[in-house]
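Peer 1: sharing a sequence plus its predicted fold:
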Amino acid sequence: MQEHDAVVKRLKHRMLDVAYKNQVGFLPSSFSALDIMVALYYYVMQEDEFVLSKGHAAFGLYAVLEEQGILQDGELETLGKYGSRLSLMADSRRVPGVWFSTGSLGHGFPEALGLACGRRIQKKEGKVYVLVGDGELHEGTNWESFLAAPRMGLENLVCIIDNNKSSNVNQIDNYPELLNAFGWNVSEVDGHDGQALFRALAKREAAPTVIIADTVKGKGCKTMEANPGLWHSKFPTEEEYRLLKEELG
């Protein structure tokens, strides 16, 4: 999907410009998840709702919301500034398009489960998509949600795991086996392949769906890919900014 790739690259360049100008970080987390959010907002979601449980990727979500016209044109340039409604963790009380305030990991998924349950009770069309990071899956609230959703018959719930394997605790390597046993429809895709993401996200199943999106933290910038821990909350110097822009192409 050339159009998908072009959108992702354009948004990454914009985010780099803002990160350098405003001296804000959290680029690698957003770069690993951006393909997923672009696939959802540009090609999949209609009567659906999205919950960003992986709160460290709020920068990327803001970039998408701005280009979609949900945020004001140019508002991304206020990120992290005094008086801006765009903080490094999204605030549902201030930012349109944000359903829940996240950042404390492990909270967004159970909230999305409740949202999906409410939609089913109200007989609303559409799905609830929730994006979680692989690191936050060490939080027990997520596994309680994995257990509960199939028992509740929440076929309108889709969980996407941004599996960039950057967790600083033991990596879970058998997601498909575990989640199939819990009663989920499971698929695994290249999280930077727009066409593969679209096919997986657009499926309609008779049970909750989990998509394991294999990604690279800092995707597109070799400097960040090589040292994602250093770059987790770091903003670029002038020299690094020019290098990262060149690496993005």
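Peer 2: Received, thanks.

Peer 1: residue 42 in helix, strand or coil?
Peer 2: helix (DSSP: H, G, I helix; E, B strand; the rest coil).

Peer 1: that one: neighbour count?
Peer 2: 18 (other Cβ atoms under 10 Å). Where you see a C-beta, it was placed from the backbone N, CA and C, and this is true even at glycine.

Peer 1: confirm for me that it is in contact with residue 5.
Peer 2: No: the criterion here is Cβ atoms under 8 Å, and residue 42 misses it with residue 5 at 11.7 Å.

Peer 1: chain center to the helix or strand residue 225 falls within: distance?
Peer 2: Using DSSP states H and E, residue 225 falls within helix 222-226. Offset of helix 222-226 from its chain centre (Cα atoms, centre = their mean, to the nearest Å): 19 Å.

Peer 1: may I have that helix as CSV, with CA atoms only?
Peer 2: Only the C-alpha atoms of helix 222-226 are listed here, as CSV (Å, rounded to 0.1, in the frame of the first residue of the first chain):
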residue,chain,number,x,y,z
LYS,A,222,18.4,3.3,12.1
THR,A,223,19.8,5.4,14.9
MET,A,224,16.7,4.9,17.1
GLU,A,225,16.3,1.3,16.0
ALA,A,226,19.8,0.5,17.2
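
Peer 1: show residues contacting it.
Peer 2: The set of residues external to helix 222-226 that reach it, using Cβ atoms under 8 Å, 6 or more residues apart in numbering, is 27-28, 31, 216-219, 231, 240, 243-244, 247.

Peer 1: surely residue 60 touches residue 7?
Peer 2: No: in this structure residue 60 lies outside contact range of residue 7 using Cβ under 8 Å: 11.9 Å.

Peer 1: quick one: which of those two has more around it?
Peer 2: residue 60 (28 against 22).

Peer 1: surely the more buried one forms part of a helix?
Peer 2: Yes: counting by three-state DSSP, residue 60 falls inside a helix.

Peer 1: nearest residue to it other than its sequence neighbours?
Peer 2: residue 30 (3.1 Å; Cβ to Cβ, 6 or more residues apart in numbering).

Peer 1: count of neighbours near the one you found?
Peer 2: Residue 30: 27 neighbours (other Cβ under 10 Å).

Peer 1: any idea how far the helix or strand that contains it is from the middle of the chain?
Peer 2: Taking DSSP H and E as the criterion, residue 30 maps to helix 27-39. Computed by Cα atoms, centre = their mean, the chain-centroid distance of helix 27-39 equals 6 Å.

Peer 1: same question for stretch 218-230.
Peer 2: Using Cα atoms, centre = their mean, the offset of stretch 218-230 from its chain centre is 17 Å.

Peer 1: can you give me the helices for the protein?
Peer 2: In the chain, the segments counted as helices under DSSP state H are 2-22, 27-39, 58-67, 108-121, 140-152, 175-182, 194-202, 222-226, 228-231, 238-248.
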